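> 3D, please:
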Amino acid sequence: MLAAHKGTRFSPDDQQLASVSRDVTLMIWERESGKRRHCFADPASQR
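Numbering: from 1, shown residues only. Now for the predicted structure:
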């Protein structure tokens, strides 16, 4: 799941994980279920 990601951090309450991929996409994951909750793409990379 996170092989293409270059960085990860847990939220202060340890319930969510943020990951940044090589294409500068930020994703927020729910730790317990592993479900992706949010995905934010760099607008500059979509040109």
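> Strands of this structure, start to end?
Listed in chain order, the strands of the chain (DSSP state E) span 5-10, 16-21, 26-30, 36-40.
> Put together TSV for those, with mean pLDDT on each row.
Formatted as TSV, the strands of the chain follow (pLDDT from 0 to 100):
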stretch	mean pLDDT
strand 5-10	85
strand 16-21	93
strand 26-30	94
strand 36-40	95
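> Need those strands in JSON lines (columns: mean neighbour count).
In short, each C-beta sits where N, CA and C put it, glycine included. Output for those, formatted as JSON lines (neighbours: other Cβ atoms under 10 Å):
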{"stretch": "strand 5-10", "mean neighbour count": "12"}
{"stretch": "strand 16-21", "mean neighbour count": "17"}
{"stretch": "strand 26-30", "mean neighbour count": "16"}
{"stretch": "strand 36-40", "mean neighbour count": "11"}
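> bridging residues for the nearest residue to F40 once chain neighbours are set aside?
Closest residue to F40 apart from its sequence neighbours, by Cβ to Cβ, 6 or more residues apart in numbering: L26 at 4.4 Å. Applying DSSP bridges to L26 gives these bridge partners: V20, F40.
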